[in-house]
Structures are given as structure tokens and as C-alpha cells.
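S.K.: could you look at this predicted model? Sequence included:
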Amino acid sequence: MIYKVVDVRFIMHNAVAKLISIQQEIQKKNSKTKIIAVSKTFPIDEIMPLIKHGQRDFGENKIQEAIQKWTSIKKGLIDINLHMIGKIQSNKVKFVVPLFDYIHSLDSLKLAEKISNEQKKYKKDIKIFIQVNIGNEAQKSGISPNDVGDFKDKCVNELNLNIVGLMCLPPKNKEASIYFNEMNLLLKKINLKELSMGMSNDYLEAINYSSSYVRIGSKIFGSRDQ
């Protein structure tokens, strides 16, 4: 992977400063909300200052990139939580399970079955969020809100998956708070505890609706080329 040439010293300082500012901002609203620093496309040299600062939750969406960046780091720092936030192809599950601690994009029964089978091999209990197609958008993956309860029960009772909560990507160019509120109500209805919603442009709004994790990339690391 090719990264643009930058003044790394500046980005290191700037990223930590931005993270601290966001942490303080979030603390005022909900001290329980955790930040996932979305580090996809950024090299480990730009991530290490955040680790040294104490950040422990990081998000990636490309499996091969994550393997290259995080395998050795996670061996040395066992308290790092790596979150898979991208769509997972079923043939890639065998690479996801050994490395990641959280999956935020469970969007089909086929994928659930693959994860269940791989977890047995590694005797691992990944924390999983069901991706909800909260806007019922044809172009988006995810479980329909009407089907989430039955899907969760099947994953838990038949596949023995550790389903901890729900994730959504609200429709673009629409009022995100409407969908965050629907997610909060849905979570309570099906008796789950955690929400993964809110990104750099709407994380404060998501926190108003009790988001457990916000996924913040560009507001910490700056803009990316891809």
C-alpha cells in the first residue's frame, strides 16, 4: 500500500491533540461512550502516538492491511481492541477471527455461520454487532429492523455468537438523529446493551442517543486518500 508523504512529526502531535479534544467533548455528554480511532489507510507510525497516549480501540476495514499493521503490535499489547468495521466477505472470516476482537458488520446468516465455525477453531469469543439497515436502503447491507430480533436469537441460541449490540450507518443527506433514535428504541426492544453508531460528522448526535462506540477517523488523523 502506498501512503502519501507527510510530515509525520506534525501528524503525530496533531492526532493526539485532536483525540484529547474529542475525548473531552465526549466526556461532557456521556462518560461511558468509547472512541474507536479509525486507523484504516494510516501506517502504524502515525498510530503509535495514540497508543502511547492510552487509546486502545482502533478500527480497520481491510483485512490484509490490518494483518500487516497490527499482528505484531497486538502480540506486545494484549489490551488493544481491534474492531472490524467494514464489510466481511465470507471467505475472509478465517483471517478476521484470529486478529480482531470486535466485529461491527454482521449482516447475514451466512456470515454468522462462518464466524461461528471459525470461533470454534480458535476457541475465541468475539464481541459482535449486528449491522442494521435502519433506513431500509436497497444499496446497503444489513438486517431489516423488523427481522433483527429473530436474527439475534438465531445467532445467540443456534450459533452461540456473542452478540453485544447493534450498528448502523444512517442514510446520507437525512437527519441522522431520527435513525439514531430508532436504533436506541430497537436496542431496548430486543434486549441488547450496546450501540455502534456515529462517525466524524455526527458522533455528538449519536451520543445523544446513547451510542456506546463512535467511529472517528478523519477528525483524529485527518483526511485520507481512500
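M.R.: In hand now; what should we look at? Residues are numbered from 1 along each chain as shown.

S.K.: any weak-confidence spans in this structure?
M.R.: Of all residues in the chain, those with pLDDT under 70 make up the ranges 1-13, 225-226.

S.K.: mind listing the helices for it?
M.R.: Counting by DSSP state H, the chain forms helices over residues 8-29, 44-53, 63-76, 93-99, 109-122, 148-157, 176-189, 203-208, 218-221, given from the N-terminal end onward.

S.K.: can you add distance to residue 167 and mean neighbour count and give those helices back as TSV?
M.R.: Bear in mind the C-beta positions are built from the backbone N, C-alpha and C, glycine included. As requested, the helices of the chain are arranged in TSV below (distance: least, Cβ to Cβ, whole Å; neighbours: other Cβ atoms under 10 Å):
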stretch	distance to residue 167	mean neighbour count
helix 8-29	18	14
helix 44-53	22	16
helix 63-76	18	15
helix 93-99	15	18
helix 109-122	13	16
helix 148-157	11	16
helix 176-189	9	17
helix 203-208	11	21
helix 218-221	19	20
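
S.K.: show me what contacts the spatially most central residue of the chain?
M.R.: For the chain, the residue lying nearest the average C-alpha position, counting by Cα atoms, centre = their mean, turns out to be residue 85 (4.1 Å). Contact partners of residue 85, counting by Cβ atoms under 8 Å, 6 or more residues apart in numbering, are 36, 38, 40, 59, 60, 61, 104, 105, 215.

S.K.: try residue 213
M.R.: Taking Cβ under 8 Å, 6+ apart as the criterion, residue 213 is in contact with 33, 34, 35, 36, 57, 83, 104, 194, 195, 196.

S.K.: any idea how far it is from residue 94?
M.R.: Counting by Cβ to Cβ, to the nearest Å, the separation of residue 213 from residue 94 is 25 Å.

S.K.: ditto for residue 193
M.R.: Spatial separation of residue 193 from residue 94 under the definition Cβ to Cβ is 28 Å.

S.K.: next one: residue 105
M.R.: 16 Å.

S.K.: what's the answer for residue 33, then?
M.R.: Residue 33 sits 32 Å away from residue 94, going by Cβ to Cβ.

S.K.: could you do residue 30 as well?
M.R.: Per Cβ to Cβ, residue 30 is found 36 Å from residue 94.

S.K.: also residue 198?
M.R.: When distance is defined by Cβ to Cβ, residue 198 is 30 Å away from residue 94.

S.K.: against residue 38, how distant is the closest residue to residue 151 other than its chain neighbours?
M.R.: Nearest in space to residue 151, with sequence neighbours left out and distances taken as Cβ to Cβ, 6 or more residues apart in numbering, is residue 143 at 5.0 Å. Distance, residue 143 to residue 38, by Cβ to Cβ: 23 Å.
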